[in-house]
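**Student:** Any chance you could fold what I've pasted below:
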Amino acid sequence: MNKGLHRFALLVAGATFFLIIAGALVTSHDAGLATSDWPLSNGQFFPKMVGNLFWEHGHRMVATTVGLLTIGLVIFLFAKEKRSWVRRLGLLALAGVIAQGLLGGLTVKLMLPLVVSAAHATLAQLFFCTTVSLAVFTSPGWNKDRPEIEEQRSLPLRHLCVAAVAVIFLQLIIGATLRHSATWDKPLPTDLLLTHIVGAIAVTLLLGSVALMILRRHSTETFLTRPAKIALSLLVVQLLLGIAAYITRMASPDDPQPLNPMVGITVAHVACGALVFATTIVLTLRAFKVLRSRAPSFEFAVAEHSTSLEFKL
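**Tutor:** Model prediction:
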């Protein structure tokens, strides 16, 4: 385990999280078309950062920085990382950041089509979780030898964690589509809003259940309980931010332009959603590392079935 590599992976993950915030600020300020060209802004590498161009071009500058950091991380991985699958994950991250940049250009060139804009926001979340996973795999805690924990349950926690990740990802897609479906001065589509609320309920029930089961079954295993507690705390904050975002959004059509607190709360809601997703990814990876399902052996199952038949006879 190379400490420098792990710290650099943390830097890339942190920069990517900041990039998600920068992108959310562009959408919340309705600044996606502050300039009609790409990758330049008004034909310049460094235009005057005034008005909405501050948010749009600032977002591009942060994205460029993250792209360069990702290239550096891949070089670092191939120089110091011995596990080939981790190096391949680094290449996947590089492909993701390139695709993300191209999607960002398409959103401008095609005048913010809903499908492309939602895909751009969703891929940002996937890229963030890829960088977080790289930080996990290069960490001292992951590379430390840990005893395996056998679970004698009919429904393994590992599978429940995967289900929670899938539901959260679907909720992020719905949320991204909802955010890009209407500007601040127009009402949100009712069908998408209701779908997002149903998704929030599903995430709360599933992720809350997984976190509580881990805290109950493995209370002494901090390797699992720590991300479970963080995920549960972030989930509560996210629900409160969602309610606050909806309340402030209801009053926004009367504003002459996007204003606080609507902008700030909405951006916080997007950022917290990314943290919930990333923390659940970490929890899932750790669950797969230490938890093992112990299914009943074939001999035991046959013996139990035979005993049941003899009792009936």
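
**Student:** Could you pull out the strands in the stretch 101-250 of the chain for me?
**Tutor:** With strands called from DSSP state E, counting those that start in this stretch, the stretch 101-250 of the chain shows them at 149-151.

**Student:** where along it do the helices fall?
**Tutor:** Shown for the stretch 101-250 of the chain, the helices assigned by DSSP state H, counting those that start in this stretch span residues 114-137, 140-143, 157-179, 190-217, 222-251.

**Student:** hey, least reliable of those by pLDDT?
**Tutor:** Comparing mean pLDDT across the helices of the stretch 101-250 of the chain, the weakest is helix 140-143, with a mean of 90.

**Student:** Can you mark which positions in that one are buried?
**Tutor:** Trp142 (16 or more other CB atoms under 10 Å). (Each C-beta comes from the backbone N, C-alpha and C, glycine too.)

**Student:** any idea how far Gly14 is from Trp85?
**Tutor:** 24 Å (CB to CB, to the nearest Å).

**Student:** Between these two, point out the one with more neighbours.
**Tutor:** The neighbour count for Gly14 versus Trp85, taken as other CB atoms under 10 Å, is higher for Gly14 (14 against 9).

**Student:** mind checking how far that one is from Gln171?
**Tutor:** 24 Å.

**Student:** before we move on, what about Leu123?
**Tutor:** 16 Å.

**Student:** Compare the two (neighbour count), which wins?
**Tutor:** Ranked by neighbour count (other CB under 10 Å), Leu123 and Gln171 place Gln171 first, with 22 against 18.

**Student:** hang on, the earlier thing: tell me the most buried of the helices of the stretch 101-250 of the chain?
**Tutor:** helix 114-137 (a mean of 21; mean count of other CB atoms under 10 Å).

**Student:** That helix vs helix 157-179, what angle?
**Tutor:** 140 degrees (axes from the mean of the first three to the mean of the last three CA atoms, to 10 degrees).

**Student:** Can you check what angle separates helix 114-137 from helix 222-251?
**Tutor:** Interaxial angle of helix 114-137 relative to helix 222-251 (the same axes, to 10 degrees): 160 degrees.

**Student:** Number the chain from 46, please
**Tutor:** Will do, 46 is the new start, and the previous item becomes helix 159-182.

**Student:** which helices and strands sit right next to helix 159-182?
**Tutor:** In terms of contacts (3 or more CB pairs under 8 Å, 6 or more residues apart in numbering; DSSP states H and E), helix 159-182 is packed against helix 48-73, helix 97-125, helix 129-154, helix 202-224, helix 307-335.

**Student:** need the contact list for the spatially closest residue to Leu137 that is not a sequence neighbour.
**Tutor:** Leaving aside its sequence neighbours, Leu137 sits nearest to Thr175 (CB to CB, 6 or more residues apart in numbering; 6.3 Å). Residues in contact with Thr175 (CB atoms under 8 Å, 6 or more residues apart in numbering) are 134, 137-138, 141.

**Student:** most surrounded residue in the residues you listed?
**Tutor:** Each of the contacts of Thr175 was scored for neighbours by other CB under 10 Å, and Ala138 scores highest at 26 neighbours.

**Student:** Does that residue touch Phe172 like I think?
**Tutor:** Yes. Using CB atoms under 8 Å, Ala138 makes contact with Phe172 at a distance of 6.7 Å.

**Student:** Dump the helices of the stretch 146-295 of the chain into CSV; add distance to Gln145 as well.
**Tutor:** CSV is the format used below for the helices of the stretch 146-295 of the chain (distance: least, CB to CB, whole Å):
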stretch, distance to Gln145
helix 159-182, 5
helix 185-188, 26
helix 202-224, 13
helix 235-262, 23
helix 267-296, 23
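
**Student:** Compare those helices and report which one is nearest to Glu126.
**Tutor:** helix 159-182 (8.8 Å; CB to CB).

**Student:** Please state the offset of that closest one from the chain centre?
**Tutor:** Relative to its chain's centre, helix 159-182 lies at 6 Å (CA atoms, centre = their mean, to the nearest Å).

**Student:** Then stretch 295-313?
**Tutor:** Relative to its chain's centre, stretch 295-313 lies at 24 Å (CA atoms, centre = their mean).

**Student:** Please apply the same query to stretch 139-147.
**Tutor:** Distance of stretch 139-147 from its chain centroid, counting by CA atoms, centre = their mean, is 16 Å.

**Student:** for stretch 310-324, same thing?
**Tutor:** For stretch 310-324, the distance to the chain centre is 8 Å (CA atoms, centre = their mean).

**Student:** Give me the buried positions along it.
**Tutor:** Neighbour counts over stretch 310-324 (16+ other CB under 10 Å) mark 310-324 as buried.

**Student:** Now it: average pLDDT?
**Tutor:** Here stretch 310-324 scores 97 as its mean pLDDT.

**Student:** So what touches that stretch?
**Tutor:** Applying CB under 8 Å, 6+ apart, the external contacts of stretch 310-324 come out as 62, 65-66, 69-70, 73, 170, 173-174, 177, 210, 213-214, 216-217, 220, 224, 248, 252, 272, 275-276, 279-280, 282-283, 286-287, 289-290, 293-294.
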